[in-house]
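Chemist: Fold the following.
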Amino acid sequence: MSAALASTAASVREAPAREFTGQPDQADASLGGIRKLIGEMLAPKVIDVDLKAEYPQEFLRALGAAGGYAGAVAPEFGGNGLGLKHVIQVMEEASKLCLSTGFLIWCQTACARYIQMSGNTALQAEFLPRIARGELLVGTGLSNTVKSCDTIEDFRLSAKRVDGGYLVNGVLPWVSNLGPAHYFATGCPVEGQARGDDALVFILVDCQQPGFKLVDCAHFVALDGTRTLACHFRDAIVPDCMVLSHPGQSATYIRRIKPGMILTQMGMGLGLIEACVGMMKQSNKSHAHVNQFLDDQAGDIDAVLQDARAASYALADALSANPQAEVVLDVLKLRLAGGEYSVKAAHAAMLHMGAKGYLQKSPAQRRLRESYFIAIVTPAIKHLRREIARIEGANAAANTAAKEAA
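Modeler: Here you go, the predicted model:
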């Protein structure tokens, strides 16, 4: 797997059409300030976020003020021009300490990018600067949309075209980073349209709008501090000014947003795996003589981490240069490795730490619980394997047909 990740990173970096020129000095300065903020504001709150389900709102707003979301936004709307690589790096830094916060950063930046990739310039001008600064907190409700487009489950929302907008009904069971004054993006089919990816409407939802209600839902073994709520729509009218993509545009819109949405989740995996490697190395200072008999060693996990990081950054630059770059299969395979190795690394760290890792406030047991989130959040490991098999099968069939035609 490590060799495959290294090959992916090399092949993406070598493609001249995909080059994206960031600003290394600017990125280093930005990340330095963000690391300091994480140490001062987030580190003291990690256990409360995990065990008390404390939502780290003050940190999220401060992170925006420090430029932590600016990579997802174009410079004309308050972005920093550093692109998706910076988004991943910020998420990675937070996830080294707290995966809940890393995930919330993904929610914020993913929604920002959905708006950025839309054709709604008025919405961009109104919302993106506030999202980038952390003044407005936002979520992403596209889990059901993505799984439904990939024929894994049925759509939970439906829309009907009405004068000036869309009438939306249904329930989304779990959407994160929400609150009364928050917004989130979602997508669903429109009545009267032909079925398929091009028959959807994508919308930005105001959590305070008429016909919409947030409902407290189930509680989780990890990431319970992410303000994850159920979203109930009952004849909620979403005006055209809040539409990201109409039917007839949605298939192209999905192709623009989906690879980056999936790739940036690697920030969570990279940060968690690095933290697990650190715990393994720390344990080896006193227990290397017995830890050497465990299956997964720190050096082995770290080698995969370095290759995964290089591949993630290379693909991020490719998608920053061209959101529709032909890297979908690479992104899916990398994200699959991110989920699998997060679980492997957390399991290895737990075994290295032994009884110390089994304490309620130990980071080892928390990272193990968090790792399963990376494995099951959309797209889950089983979803990724299914899509990879589908794409590779289609590619093989096309190659066979081309050979036969020749």
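Chemist: all strands of this protein, in order?
Modeler: Taking DSSP state E as the criterion, the chain carries its strands at 138-141, 157-162, 165-175, 183-189, 200-206, 212-216, 229-239, 243-245.
Chemist: Next up, phi/psi of residue 326, please.
Modeler: When quoted as degrees, to the nearest 10, the phi and psi of residue 326 stand at phi -80, psi 70.
Chemist: Relative to residue 255, how far out is it?
Modeler: Here the criterion is CB to CB, to the nearest Å. By it, residue 326 lies 11 Å from residue 255. From N, CA and C alone the C-beta is placed, and that goes for glycine too.
Chemist: residue contacts, the closest residue to residue 273 other than its chain neighbours?
Modeler: Distance criterion CB to CB, 6 or more residues apart in numbering; nearest residue to residue 273, sequence neighbours excluded, is residue 345 at 4.4 Å. Listed by CB atoms under 8 Å, 6 or more residues apart in numbering, the contact partners of residue 345 are 272, 273, 276, 277, 296, 301, 305, 371.
Chemist: can you tell me which of the residues you listed are in helices?
Modeler: Judged by DSSP state H, helices contain the following of the contacts of residue 345: 272, 273, 276, 277, 301, 305, 371.
Chemist: quick one: residue 145 and residue 186 touch, right?
Modeler: Yes: contact criterion CB atoms under 8 Å: residue 145 and residue 186 qualify, at 6.3 Å.
Chemist: about what we covered before: report the two of the contacts of residue 345 separated the most.
Modeler: Across the contacts of residue 345, the longest distance by CB to CB is 14.6 Å; it joins 272 and 296.
Chemist: okay, these two: which has more neighbours?
Modeler: Comparing residue 272 with residue 296 by neighbour count (other CB atoms under 10 Å), the higher total belongs to residue 272, at 31 against 18.
Chemist: That one contacts residue 95, correct?
Modeler: Yes: in terms of CB under 8 Å, residue 272 counts as a neighbour of residue 95; the distance is 5.4 Å.
Chemist: who touches both of the two?
Modeler: residue 102.
Chemist: check contacts around the most centrally placed residue in the chain.
Modeler: Nearest to the mean C-alpha position of the chain, counting by CA atoms, centre = their mean, stands residue 265 at 3.4 Å. Contacts for residue 265 (CB under 8 Å, 6+ apart) come out as 106, 335, 338, 374, 377.
Chemist: Could you export those residues as JSON lines, including distance to residue 392, pLDDT and neighbour count?
Modeler: Output for these, formatted as JSON lines (distance: CB to CB, whole Å; pLDDT from 0 to 100; neighbours: other CB atoms under 10 Å):
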{"residue": "106", "distance to residue 392": "27", "pLDDT": "98", "neighbour count": "27"}
{"residue": "335", "distance to residue 392": "15", "pLDDT": "98", "neighbour count": "27"}
{"residue": "338", "distance to residue 392": "19", "pLDDT": "98", "neighbour count": "28"}
{"residue": "374", "distance to residue 392": "23", "pLDDT": "98", "neighbour count": "27"}
{"residue": "377", "distance to residue 392": "23", "pLDDT": "97", "neighbour count": "18"}
